[in-house]
Every structure is written in structure tokens, then in C-alpha cells.
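# got a sequence here, can you build the structure:
(2 chains)
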2 protein chains.
Amino acid sequence: MTTRSDLQPDLVERLLAGDRRALARMVTLIENRAPEARQMLARLHAHGGHAHIVGFTGSPGAGKSTLVMQLARELRRRDQRVGVIAVDPSSPFTGGAILGDRIRMQELAGDPEVFIRSMASRGSVGGLAAATRDATRALDAAGFDTIIVETVGAGQAEVEIVRAAQTVVVVVVPGMGDDIQAIKAGILEIADIFVVNKADRPGADQTAAELRMLLSLDEHRKEHPWRPPIIKTVGMTGEGTPELADKLAAHLASLKKTGQLAQRDGRQAQSEMLALLHQALIERISATIGNDEWQRLVAQVVERESDPYTTADELARRIGLAPAAERTGG
Amino acid sequence: MTTRSDLQPDLVERLLAGDRRALARMVTLIENRAPEARQMLARLHAHGGHAHIVGFTGSPGAGKSTLVMQLARELRRRDQRVGVIAVDPSSPFTGGAILGDRIRMQELAGDPEVFIRSMASRGSVGGLAAATRDATRALDAAGFDTIIVETVGAGQAEVEIVRAAQTVVVVVVPGMGDDIQAIKAGILEIADIFVVNKADRPGADQTAAELRMLLSLDEHRKEHPWRPPIIKTVGMTGEGTPELADKLAAHLASLKKTGQLAQRDGRQAQSEMLALLHQALIERISATIGNDEWQRLVAQVVERESDPYTTADELARRIGLAPAAERTGG
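Take a look at the predicted model:
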């Protein structure tokens, strides 16, 4: 055991005891995908399961950060401890835009019952999604009541990240007109609550009406007891934020009552375990054949000297993955 | 060997000899994920690599199907054999809208050098992406020069599907205004060619100008020699389609010249092999522990009796995936 290992149990214990610096350090380890984080996260998992995880997504420019700040204030008034993880998969199209919002959010950062942290992409989308999930796990174990995961935009990466939440809030702004349907194909489907933000602008009622119509067309929704509410807010003034906080609580209550919370948690646990097993698969391939041979196999497939099916089958056999029935024959 | 196995080599041979019914049958087997398709696809792979694979994505209502039909006509005038695979991940929001377009496309279906086929989702997005890739493989082996993969919308599933193409065309319509940036975060980044369709509507020049500005802001683009052109088309009249066909050819030439085609093909082969290995992993877990125990493990993680990291590690060991270093210790 190294000195580092001797120190690390402390970090978990300090985090569980409410030490903000320990939490901040933990999130940094998570963000850097530090190898030592894994074992600490395994320990933290047992202490979680109490927080309400809320995802916020929507177009850049929809005012999400300001709205999240107002919501955090409202939740503080309700004596909740609030964590905010702002996730930026670093699209070049959205890059600098949120800096101003980030600074505005610092107003809340002086409150010891609020923890705000940005996480940027350091590699794959899958990596960022895993890091976000683990940061949520750390905040949950640290005793935060509501953890808000806010994404910069509403792209593919963002959808993957927010769908891990228990409640997904989709933020739109008035004046999207005909395009609401066009824009939101993948996004509308994951929404539990819609917010029409900047509702002091013209067209807010029309946007809300269009959303309502789209929802009524959604066949999948008809089986569900929860009808996503459409809330009008003004992020700059905080108007509508109490109603949003109410609806968040109502959605969580509905999830619990219908047994859907356990279902969602189950799906999350499954997909996390599969992701971890996939990672073990990659590591095993890497340890068995190394990168050079992998690249050679890929090149053979590209050159049509072999095909992906046969190559994958052989590789599966080499790393010990062939089904039992086939193994005796090979 | 069953009678079926004796017959199947015929199907591949007939397909390679240009038999349309054999091709149609093959695509049906692919769509149904029939087990016997796998071995046939492995054989077909060797005969491909000649087609230009073009993906079309964009909002529903952007007129993609009509545009694709016009493009197919233009490519026929250039003596190309054209395949069209229209993919519908069956979003409830976009469901019925394309039926009219599908019917219009049947105008081309009488041409023996054109093959048109719709594929709908029969399960996971990953499954549909794999089926689309395999249908492309079959058409490629059957000697089609250009294979167009057209998606219904521009959601997460669609992006996953079209990014497998060699050239990605993103179709927008005038009047999206401020929202182009908002809408397209994930889509803009994968575009090789932009089409402003319905360019006879007001605002086409402005939409093109906005796209041009967005592109100029994209840092990633600066490293690439290819500048995505922005083409104005009118799908109903065919205006702009010759230019689109020219740009498709130019993009393919650029990919070849810069070595990017081989890079893209390599990335594709890698991700396909990883997907096949992941499938082998799932089958191995299923064969080793079965669904009941898997569900029990998931439930233990949800109930916080265990954690996903430890559970995944143990499972990896049981199916033989633990790294060599760890195995001697276990």
C-alpha cells in the first residue's frame, strides 16, 4: 500500500461527514478519471439513493443557467441542499456562450449548502456521461437533496447525459414556431417537465400551445400516468420558479408512487454495469492483442482481406468470450 | 446442415450476379436480424468497398425524401446505379409524415438500376444502425455506385445512423432564423455538405449566410481541407440537384485525396468490430449467469447492497474478462 492509499479512506469519510473540500477533490478525481476514484466511488455508492437527480437540457440561449440559479435559490428557500453540475461536451458552436451564466451562478457559490461545479469533456461522450454520473453519486453520498445536471445544449451528447436523471426538464423559448417539432425529436421524448423560459417575450402562449399539441400526439405518453406539465418562467426575475420546484417534487412523488423510480434506477444500474463491462472488454482486448494487432485487424477488414464478423468472432474466442457451446468445438 | 443452409449460398451468389429479388430478400433477412444473415454478410463484405455511401439528415419537413428522389434521378442521368435506404427510428413525433414522400419515391422504383427500401426500427437504435450498415453492405456488394441513407428526422438515433456514411448531407429549410444554432448542435458538426432546400421560399439566402457564419466559427473545421459547401435546392423542381451531385463527387474525391476515406473506413470498421464484440459480451453474460441472476445483481445495486463497480468486476472475472494481471491474484 502506498501513502496515497492510506490517505484515501479519509477522503471518502471526510466527504460523508460533509467536508466540501473533500467533495470538490473527489469531483476532480472523477473528472480526471483518476484510477483511485473507482474504489472510492464503489464505497460512496452505499451512501447514496436519497437525492432527487434533475436533468436540464434545451437549446443554448434558452437561459438554462439563469433558470437553474433561480431554481437553486427557490430550493434553498425550501431548506434543501442543492448541487449543480453543469456539463459542457464542448461543442465548438456553443463554447464561450455560458461563461457569463457561470459567473452569475457564483452568486450562489458562497452558500455552504450549495455546491456548483462545471464538468467539461476530456474525451469521449461516454466518458463524460460516466463522469457526470459519478459526480452525481458523490454529491448524493454527500447528502445533497436535489442535484441538478445542466447541459449546455441539446445535442446527442447532452441527451445521453440528462437521460440518466430521474426528472428531465426541457427548456424552450418563445418564437421557435414551426420548428419546435423539427428541433426536438430526440429531446421531446425524454422530457418530464417542459419550461417555456423567457416567457415575458411575445409568443410564449403559442409555444406552450404547440408543445401541448405535440405531447397530445405522442402515443408513448398515453400509457404513462404522468402528463408533462408546461411551465412558463422568466429566468431573470424568478417568475415561475416556485411552480417549477413544485412540479419537480410532484414528478418525483409520481415516480415513487407508480414504481417507475425503481424502474428508472434499475435501467440506470443496468446501463452503468454494461458500460463498466464494456470497458473491461476493451481492457481485455488491449491486454491480449495490443494496439498494433488491433490496428492490423482493422486494416484487414478495411482492405476486405477479412470481414468484421469473422474477425470479431475470432477475437471473442481469443479473449475467452465465445459462448460455452462454441468453446468446446474450437 | 439444413436445407436452408444448402440454399443460402445461392442467395449470396444471386445477389452478386445482380438479382434484385435476392437483394430484397437479403435486406429483409438483415432487417429481421435473421441469424443466417450473419454468415452471408461476412461473405458479402469481400465484394464491397466500391459504393459511395451518402447520408441525408435534417428536420422532418425539410423535404429530404423529395430531394433524395431528385438526386437519384440526377445520378441515373450520370449512369450511376443508385440505392436508397430510408431509415425511420419511428419517433412518435414524425411517424406518418413521410408516407406521401415514400409514395412519390415509387416513381423511381420501376427503374431496375434503382433500389429503394425503407427500414424501420424493430428494437434498439444500435440494432437499427447495425441493420442499416448491413443493408448498405449488401447494396455495395450488389454493385450500386451511390447508396443514399436517408433518415426521417435529425434526432440522436438518426445522427448515429448517418455518421456511418462517407459523406453526410444536412438538409435545412429557410426561416429557421435564430434557431439554426440552437437546433443543430450535434448535426452541424457531422455535415460535409449543407443543403438549403425549398430555396424558393423567402429567407433562403439568410439561412445560407447563417450557416456560413456558424461554419466559420467551428474550430474543428479549420484543420480540415474540406469546406462544407452550402447548396440551395428546390426539391419539387430539381433545381440545384446537379450541383449537389457534383459536390458529392467532389467530397468523395477530397476524401480519397487526403487519405480521409481510409480513416473513415477504419473508424467504421473499428466501431463495427467493437459493437460485434459487445454483442458477444452480452451473449456471454447471458450464457454464464442468465437473465434472472443479472436482474438480481441489478436489484442489489439499486438497493445499495452492492455497487456497480464491484459487481461489474466480479462479473468480468466470472466470464473470463479480468485482465491477466488480476486473474492470477483472483
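# so A:Leu276 touches B:Asp307, yeah?
No. Contact between A:Leu276 and B:Asp307 fails when scored by C-beta atoms under 8 Å: they sit 10.4 Å apart. All C-beta atoms are positioned from the backbone trio N, CA, C, and that covers glycine.
# pLDDT score assigned to the residue positioned nearest the centre of chain A?
In chain A, the residue lying closest to the centroid (C-alpha atoms, centre = their mean) is A:Ile161, at 3.2 Å. Looking at A:Ile161, its pLDDT is 85.
# how about the one 4 residues further on?
In this prediction, A:Ala165 carries a pLDDT score of 94.
# distance of it from B:Phe115?
43 Å (C-beta to C-beta, to the nearest Å).
# check A:Lys256 too.
52 Å.
# with A:Arg117 instead?
From A:Arg117 to B:Phe115 the distance is 52 Å (C-beta to C-beta).
# these two touch, right, A:Leu23 and A:Arg137?
No. Using C-beta under 8 Å, A:Leu23 makes no contact with A:Arg137, being 11.4 Å away.
# for the stretch 151-300 of chain A, which spans come out with low pLDDT?
Per-residue confidence for the stretch 151-300 of chain A (pLDDT under 70) gives these ranges: A:154-156, A:176-186, A:219-220.
# which stretches in it count as helices?
Using DSSP state H, counting those that start in this stretch, the helices of the stretch 151-300 of chain A run over residues A:156-162, A:179-183, A:185-188, A:204-217, A:219-222, A:241-258, A:260-302.
# who's in contact with the residue nearest to A:Gln206 when sequence neighbours are not counted?
In space, and not counting its chain neighbours, A:Gln206 is closest to A:Pro174: 7.2 Å by C-beta to C-beta, 6 or more residues apart in numbering or on different chains. For A:Pro174, the contacting residues are A:196, A:198-199, A:201-204, A:206-207, by C-beta atoms under 8 Å, 6 or more residues apart in numbering or on different chains.
# just checking, A:Met273 touches B:Ala316?
No. If you go by C-beta under 8 Å, A:Met273 and B:Ala316 don't touch, sitting 10.1 Å apart.
# stretch A:190-205 close to chain B?
No. Contact of stretch A:190-205 with chain B is not found when judged by C-beta under 8 Å from any C-beta of the partner chain; the minimum separation is 9.4 Å.
# in that stretch, what's buried?
By neighbour count on 16 or more other C-beta atoms under 10 Å in any protein chain shown, the buried set for stretch A:190-205 is A:190-199, A:203-204.
# tell me the one of those nearest B:Gln39?
Using C-beta to C-beta, A:Ile190 comes nearest to B:Gln39 of the buried residues of stretch A:190-205, at 37.7 Å.
# for that closest one, grab phi and psi.
A:Ile190 has phi and psi values of phi -100, psi 0 when expressed as degrees, to the nearest 10.
# just to revisit the earlier point, quick check: the residue nearest to the centre of chain A touching A:Ala131?
No. If you go by C-beta under 8 Å, A:Ile161 and A:Ala131 don't touch, sitting 9.6 Å apart.
# next one: phi and psi at A:Asp88?
Given degrees, to the nearest 10, the pair of backbone angles that A:Asp88 has is phi -130, psi 100.
# how near is it to A:Met119?
The value you get for A:Asp88 to A:Met119, if C-beta to C-beta is used, is 7 Å.
# quick one: classify A:Val54 as helix, strand or coil.
The three-state assignment at A:Val54 reads strand, by DSSP: H, G, I helix; E, B strand; the rest coil.
# next one: it from A:Ile147, what distance?
7 Å.
# what of A:Met69?
15 Å.
# A:Leu277 - how many residues pack around it?
23 (other C-beta atoms under 10 Å in any protein chain shown).
# was I right to think it contacts B:Leu281?
Yes. Applying C-beta under 8 Å, one finds A:Leu277 in contact with B:Leu281, separated by 6.2 Å.
# find residues that contact each of the two.
B:Leu321.
# low-confidence ranges in the stretch 1-150 of chain A?
A:1-9, A:90-107, A:121-125.
# strands of that one, residue ranges please.
A:52-58, A:82-88, A:114-120, A:146-151 (DSSP state E, counting those that start in this stretch).
# nearest to chain B, out of those strands?
Shortest distance between chain B and the strands of the stretch 1-150 of chain A, using C-beta to the nearest C-beta, is found for strand A:52-58: 8.5 Å.
# picking that back up, which of A:Arg117 and B:Phe115 has more neighbours?
A side-by-side neighbour count of A:Arg117 and B:Phe115, using other C-beta under 10 Å, places B:Phe115 first with 23 against 19.
# which residue packs closest to that one, ignoring adjacent ones?
In space, B:Phe115 is closest to B:Gly83, 4.6 Å off (C-beta to C-beta, 6+ apart).
# ok, A:Leu188 - contacts?
So A:Leu188 contacts A:170, A:214-215, A:218, B:93 (C-beta under 8 Å, 6+ apart).
# out of those, which comes closest to A:Glu239?
Looking across the contacts of A:Leu188 and measuring by C-beta to C-beta, the closest to A:Glu239 is A:Val170, at 18.6 Å.
# so what are the domain limits for chain A?
A:48-257, A:271-329 (automatic domain parsing).
# among those domains, which is the most enclosed?
With neighbours defined as mean count of other C-beta atoms under 10 Å in any protein chain shown, these peak in mean count at domain A:48-257, which reaches a mean of 20.
# start and end of that domain, how far apart?
20 Å (C-alpha to C-alpha, to the nearest Å).
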